[in-house]
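**Student:** after the sequence you'll find the predicted model.
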Amino acid sequence: MNYDELYYINIKLNDWDSELARVNRTFTPPIDIFENDEGLNIQLELPSFTKEEISVCCENNRLKIYGNKNEQKKEQNYLLMERYSGSFEKIIELPTSFDVTRVKAKLKDGVLSILIPF
């Protein structure tokens, strides 16, 4: 992947995330995308999410990452509530040079790591 393709992916993600956050005040996990000898690596920070609350799928060179966290809020007199509950979705358009049939994903220490081989 060249710099222009990665820059395009980053701009599209930022545009989409900014608009969604402005309109819906939704959770948008921080994301890093980098390339190494194995392929394209994507990492998202998802603290307190379990793997049952996350879905990763590829279709037509689009990677879709979806998460849903439903926490029961006890009736409390909250002074501040910043922990997130609800859903998020990230869709990343991938160049055709990646093998989307061999995507690997793992969740460890609140970081979702996805590898898409060449």
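**Tutor:** Great, that's in hand. On a predicted model such as this, the values are computed, not experimentally measured, just so you know. Residues are numbered from 1 along each chain as shown.
**Student:** excluding its backbone neighbours, what's nearest residue 70?
**Tutor:** For residue 70, the nearest residue in space outside its immediate sequence neighbours is residue 85; the separation is 5.9 Å by CB to CB, 6 or more residues apart in numbering. Every residue, glycine included, has its C-beta placed from N, CA and C.
**Student:** now do the strands in the chain.
**Tutor:** Listed in chain order, the strands of the chain (DSSP state E) span residues 31-35, 39-45, 54-59, 62-69, 86-93, 104-108, 111-117.
**Student:** hang on, residue 51 packs against residue 113?
**Tutor:** No - with contacts defined as CB atoms under 8 Å, residue 51 does not count as touching residue 113, sitting 11.9 Å away.
**Student:** one step back: my read: the residue nearest to residue 70 touches residue 71, true?
**Tutor:** Yes - contact between residue 85 and residue 71 holds when scored by CB under 8 Å: they sit 4.3 Å apart.
**Student:** contacting residues for residue 104?
**Tutor:** The neighbourhood of residue 104, defined by CB atoms under 8 Å, 6 or more residues apart in numbering, consists of 114, 115.
**Student:** hmm, 6 Å instead?
**Tutor:** residue 115 (CB atoms under 6 Å, 6 or more residues apart in numbering).
**Student:** then residue 31?
**Tutor:** Residues near residue 31 by CB under 6 Å, 6+ apart: residue 44.
**Student:** brilliant, that's me finished.
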